[in-house]
Every structure is written in C-alpha cells, then in structure tokens.
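>>> Sequence plus the predicted model coming up.
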Amino acid sequence: MTGEFPDGVMVSLDASDGEVVVQGWTEGTGLDPAEAAARYEAAGAAAVLFTDVDVEGRMDGVRRETVERVVDAVDVPVVASGGVASLADLRALRETGAAAAVVGTALYEGAFTLAEANDV
C-alpha cells in the first residue's frame, strides 16, 4: 500500500451493533460505519481499517454484510478485521471487495496457516 498511497493515511473504524465505537469500544458515537467511512474518504483517507468488534477475536466467523456495507460506501481500499475463523471467512471477505483481511486468533489457534491464507 505504501507504493500506491505513499502519503496516505488509513483511518481505523471500529463498530459494534451497527455504530462506530470509541474509547476502547465502550462508547457509541451514533455514526453508521458506512457513513463514517464515506466521510473519511471525502476528507482524504487513503484506506479504511474496519473492525467488527462484535466478532473480533471470537472465532465466530465474519459478518459479511457489515463489511460489505463499508466496502460499498467507499472507493478506497477497505481492510476488514474481526471474526476470521476459517479460510471460508477469508473467501467471504474477498467476495465483499475488501482489499485485505486482518487475521490473528485463527493463526494463533492453528485454524489454518499463513501460507494457506495467502492462497485464498
């Protein structure tokens, strides 16, 4: 990404129950994540890191519709985070149009390897 957006900033948006949350995910803002992503894109964000905190680190799977709404709201790359438990989840995120995915717990727990993830 640095080659494509060398002077850009990736904005991080965390969402729970359909709204952007702050203060360690404890305070709702009333902002819809897709609307917030569009606002940041209009302000010059080069990309969006979107975390669905309701599924983050739980190995429960991704919520494709939530990610898809954010991806559809912007033309900048969206990196999706939260809930990846399987290679099928990575495929689902790819199908939403997400530019990349954050994977943590699934790798730590041995659900798949990084090599397998890169082959998706």
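That came in fine, so what should we check first?

>>> which sections of this structure are below the confidence cut-off?
Along the chain, the parts satisfying pLDDT under 70 run over 1-6, 25.

>>> Pick out the residue closest to the middle of it.
By Cα atoms, centre = their mean, the chain has its centre lying nearest to Ala80, at 1.9 Å.

>>> A strand includes that one, no?
Yes: following the definition DSSP: H, G, I helix; E, B strand; the rest coil, Ala80 is counted among the residues of a strand.

>>> gap between it and Gln23?
Using Cβ to Cβ, to the nearest Å, one obtains 22 Å as the distance from Ala80 to Gln23. Just so you know, the C-beta spots here come from the backbone N, C-alpha and C atoms, and that holds for glycine as well.

>>> quick one, what contacts the closest residue to Glu56 other than its chain neighbours?
The shortest distance from Glu56 to any non-neighbouring residue, by Cβ to Cβ, 6 or more residues apart in numbering, is to Gly82 (4.2 Å). Under the criterion of Cβ atoms under 8 Å, 6 or more residues apart in numbering, the neighbours of Gly82 are 51-57, 62-63, 102.

>>> same deal with Leu31?
Going by Cβ under 8 Å, 6+ apart, Leu31 touches 19-20.

>>> Please repeat the previous calculation with a cut-off of 6 Å.
Leu31 is in contact with Val20, counting by Cβ atoms under 6 Å, 6 or more residues apart in numbering.

>>> Torsion angles phi and psi at it?
Dihedral angles of Leu31 (phi, psi; degrees, to the nearest 10) stand at phi -90, psi 130.
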